[in-house]
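Peer 1: the following comprises the amino acid sequence and a computationally predicted model.
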Amino acid sequence: MIDINIYLDEAKKAVAMRDALLKLKKNREFKKIFEEGYFKDEAARLAKAIANYEMQDEINQRALDEQFRAIGHVQNYMLTIIQAGNNMEALIEEHEERLREEAKETVIDDITGEEIILED
């Protein structure tokens, strides 16, 4: 049996991680160093280097390919954090809605026999 509290704690950590990353992505220094510097400028530099005549040997080509892949891995890692946070936030909201529904008091109408939800 799954302990829902442990699962909720992990879900909340994923949401907090997503929120921290989104906050970081708004930071001017992060944008300068990573979004402009690494993801854009460094990728452009690598694209030029991969076609450079002096960089055509197997060792240089492999190194450039690894650097390209590193950029993609970092971007995928960030995307994974955001997606996990979004998914976990949705699950938390579903769980909280289910708890609210379960907490609503119901009574059976003596005349009709229908279940009535008592509103606050």
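Peer 2: That came in fine, so what should we check first?

Peer 1: report the central residue of the protein.
Peer 2: residue 82 (1.6 Å; Cα atoms, centre = their mean).

Peer 1: look up which helix or strand it falls in, please.
Peer 2: helix 58-103 (DSSP states H and E).

Peer 1: and that helix, how far out from the chain's middle?
Peer 2: With Cα atoms, centre = their mean, to the nearest Å as the basis, helix 58-103 stands 4 Å off its chain's centre.

Peer 1: the following helix or strand past it: partners in the sheet, and parallel or antiparallel?
Peer 2: Following helix 58-103 in sequence order, the next helix or strand is strand 105-108 (DSSP H and E). Strand 105-108 sits in its sheet next to strand 115-118 (antiparallel), going by DSSP bridges.

Peer 1: list the contacts of the strand it pairs with.
Peer 2: 104-109 (Cβ atoms under 8 Å, 6 or more residues apart in numbering). Using the backbone N, CA and C atoms, a C-beta is placed for each residue, glycine as well.

Peer 1: mind running it again at 10 Å?
Peer 2: The contact list for strand 115-118, computed with Cβ atoms under 10 Å, 6 or more residues apart in numbering, reads 101, 104-109.

Peer 1: would you reformat the residues you listed as CSV and include distance to residue 27 and neighbour count?
Peer 2: Below are the contacts of strand 115-118 laid out as CSV (distance: Cβ to Cβ, whole Å; neighbours: other Cβ atoms under 10 Å):
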residue, distance to residue 27, neighbour count
101, 40, 9
104, 43, 10
105, 47, 9
106, 49, 9
107, 54, 10
108, 57, 10
109, 58, 9
